[in-house]
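A.B. asks: Quick check, what structure comes out for this input:
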Amino acid sequence: MANVIITGKNSIDELKRVKAIEKLKALSTEELERLTSLSDNSKARAYLSSATKFAMLKTFL
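C.D. replies: Predicted coordinates for the structure are as follows:
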């Protein structure tokens, strides 16, 4: 099994990252690949970076 090193700005940020990655384990490989393609898209990342745009995205879904 592969190991992944997770780092954050501080210990709280690192813990948040670990918890987020733990939730990703429940996704299928196909779902993870689709999330990866979104992370490569600057427009999609803008929706994740902005609280307002993210709220609109969640409402849409």
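A.B. asks: From now on I want contacts and neighbour counts done on CA atoms only, so please keep to that.
C.D. replies: Noted.
A.B. asks: Pull the number of nearby residues for residue 20.
C.D. replies: Neighbour count for residue 20, taken as other Cα atoms under 10 Å: 11.
A.B. asks: Tell me which residues are up against stretch 45-58.
C.D. replies: Outside stretch 45-58, the residues that touch it by Cα atoms under 8 Å, 6 or more residues apart in numbering are 38, 39.
A.B. asks: what separates that stretch from the chain centre, distance-wise?
C.D. replies: A distance of 12 Å separates the centroid of the chain from that of stretch 45-58, by Cα atoms, centre = their mean, to the nearest Å.
A.B. asks: measure it end to end?
C.D. replies: With Cα to Cα, to the nearest Å as the measure, stretch 45-58 spans 14 Å from end to end.
A.B. asks: same thing with stretch 34-49?
C.D. replies: Span of stretch 34-49 from end to end, Cα to Cα: 18 Å.
A.B. asks: Let me see the confidence value for the residue nearest the centre of the chain.
C.D. replies: Per Cα atoms, centre = their mean, the C-alpha nearest to the average position across the chain is that of residue 20, at 6.9 Å. If you check residue 20, the pLDDT there is 96.
A.B. asks: Repeat that for residue 1.
C.D. replies: 77.
A.B. asks: Repeat that for the one 10 residues further on.
C.D. replies: The score at residue 11 is 96. That number is its pLDDT.
A.B. asks: next helix or strand past the longest helix along the chain?
C.D. replies: Using DSSP state H, we find that the single longest helix of the chain is helix 11-24. Following helix 11-24 in sequence order, the next helix or strand is helix 29-39 (DSSP states H and E).
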